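Chemist: coords below, sequence missing:
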């Protein structure tokens, strides 16, 4: 009997030209429309060519009106005439992704490096930096976007000396040895980059990384093995319901502003007094919404970083009776 050939995976690649100052807004918008990920492939005279990858059933090439409407709604109507779409198979996409990618140092200790560029690293990089290897995959979070970079910098700052919070409740679904370690939750792990960085920075840590996208879970597990950290990270398919009843020393939440707001009540339950919550993926214009909602929960804002389009926020869990609304 003749063996059937394995069908090659393919995606629709939506491409358009946008002013560099709107690149991150455009990337965020494509993710909201269902894109697996975005990348810029060239820039000239302040104009960036952006590519967004979509599963074949997520977009209709013959009817891009939803894309046009979204761009128009967010003040990007000038982009519409440049929109084009092509089908790209997996091998071709991997080759495209590799173009222009180089090792990226972040903070004082981290360096993101695709595995095919490891041999190009200097001896100084190897001695002074913790190297995170990330393979291209159709999952969000390769370290080249402000939202991920903010989380990595904040993680280095707030967790590097973080002792285990005595008030945090163990996650009973996993081994006792994990209960004795610093406990960290990564909500919407994507490529797994933040979970990997947590292990490299903290050593004595166990990370629970939840993700609702099954394909992203596959990519994350592959990246864990690539970095030899799979024993310290549990990938959970789903959202915060997968760790219900547990509490964590630190929570990472690189989602949209709306998602972060919706999860604040859960984050109160998932953190003990003194724990930190790092939130990113927040459009700067929606920051007032997050601040308003934070005032309703026992969190004290300790840091806000704003970029041209995006914002990142770090809050500390406080006692219910000590909720300092005036500080926010």
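Modeler: Sure thing, it's come through. Here the structure is a predicted model, which means the values were calculated and not measured. Residues are numbered from 1 along each chain as shown.
Chemist: Show me which positions of whichever strand or helix holds residue 236 end up buried.
Modeler: Per DSSP states H and E, residue 236 falls inside strand 233-237. Using 16 or more other C-beta atoms under 10 Å as the test for burial, strand 233-237 gives 233, 234, 235, 236. Heads up, the C-betas are built off the backbone N, CA and C, glycines and all.
Chemist: State the distance from the last one to residue 278.
Modeler: Remark: distance between residue 236 and residue 278 (C-beta to C-beta, to the nearest Å) = 19 Å.
Chemist: Please apply the same query to residue 254.
Modeler: 8 Å.
Chemist: residues shared between the contacts of those two?
Modeler: Residues touching both residue 254 and residue 278 by C-beta atoms under 8 Å, 6 or more residues apart in numbering: residue 151.
Chemist: Neighbours of residue 294, how many?
Modeler: For residue 294, the neighbour count with other C-beta atoms under 10 Å is 22.
Chemist: Please report how far it lies from residue 300.
Modeler: Look at residue 294 and residue 300: by C-beta to C-beta, they are 9 Å apart.
Chemist: ditto for residue 233
Modeler: As defined by C-beta to C-beta, residue 233 lies at a distance of 29 Å from residue 300.
Chemist: next one: residue 246
Modeler: Applying C-beta to C-beta, the value for residue 246 to residue 300 is 22 Å.
Chemist: In this protein, mark out all the strands, start to finish.
Modeler: 10-19, 37-44, 47-55, 84-89, 104-106, 110-113, 130-133, 182-187, 205-211, 233-237, 248-254, 271-283, 299-306, 310-317 (DSSP state E).
Chemist: I'd like those laid out as CSV, including mean pLDDT and distance to residue 122.
Modeler: Below are those laid out as CSV (pLDDT from 0 to 100; distance: least, C-beta to C-beta, whole Å):
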stretch, mean pLDDT, distance to residue 122
strand 10-19, 90, 34
strand 37-44, 72, 25
strand 47-55, 86, 29
strand 84-89, 87, 34
strand 104-106, 79, 11
strand 110-113, 84, 10
strand 130-133, 88, 12
strand 182-187, 95, 30
strand 205-211, 95, 28
strand 233-237, 95, 28
strand 248-254, 95, 29
strand 271-283, 92, 29
strand 299-306, 95, 29
strand 310-317, 93, 29
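Chemist: among the ones you listed, which is nearest residue 148?
Modeler: Proximity to residue 148 (C-beta to C-beta) singles out strand 248-254 among these, at 6.4 Å.
Chemist: and the closest residue to residue 296 other than its chain neighbours, how many neighbours?
Modeler: Leaving out its chain neighbours, the residue that sits closest to residue 296 by C-beta to C-beta, 6 or more residues apart in numbering is residue 264, at 7.7 Å. By other C-beta under 10 Å, the residues close to residue 264 number 18.
Chemist: rewinding a little: who's more crowded, residue 246 and residue 300?
Modeler: residue 246 (20 against 16).
Chemist: For the more buried one, what are phi and psi?
Modeler: phi -90, psi 160 (degrees, to the nearest 10).
Chemist: my guess is it contacts residue 269, does it?
Modeler: No - the pair residue 246 / residue 269 is not scored as a contact, 9.1 Å apart, by C-beta atoms under 8 Å.
Chemist: Return the distance of the nearest residue to residue 283 once chain neighbours are set aside relative to residue 103.
Modeler: Distances taken as C-beta to C-beta, 6+ apart place residue 257 nearest to residue 283, at 6.0 Å, with adjacent residues excluded. Distance, residue 257 to residue 103, using C-beta to C-beta: 31 Å.
Chemist: Tell me which residues touch residue 233, please.
Modeler: Counting by C-beta under 8 Å, 6+ apart, residue 233 makes contact with 192, 195, 196, 199, 206, 207, 208, 209, 224.
Chemist: Output the residues you listed as TSV; include the columns distance to residue 46 and neighbour count.
Modeler: Listed next are the contacts of residue 233 as TSV, based on distance: C-beta to C-beta, whole Å; neighbours: other C-beta atoms under 10 Å:
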residue	distance to residue 46	neighbour count
192	34	31
195	36	29
196	34	30
199	39	23
206	45	24
207	39	29
208	42	26
209	37	26
224	38	23
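Chemist: what's the weakest-modelled helix or strand in this protein?
Modeler: helix 176-179 (a mean of 49; mean pLDDT, DSSP states H and E).
Chemist: tell me the contacts of the residue nearest to residue 283?
Modeler: Neighbours of residue 257 in contact, by C-beta under 8 Å, 6+ apart: 281, 282, 283, 286, 287, 289, 290.
Chemist: Next one: the fourth one from residue 59, what distance?
Modeler: Using C-beta to C-beta, one gets 25 Å for the distance from residue 286 to residue 59.
Chemist: Which of the two has more residues huddled nearby?
Modeler: Neighbours were counted for residue 286 and for residue 59 using other C-beta under 10 Å; residue 59 has more, 21 against 15.
Chemist: Surely the more buried one touches residue 14?
Modeler: Yes - using C-beta under 8 Å, residue 59 is in contact with residue 14, at 6.8 Å.
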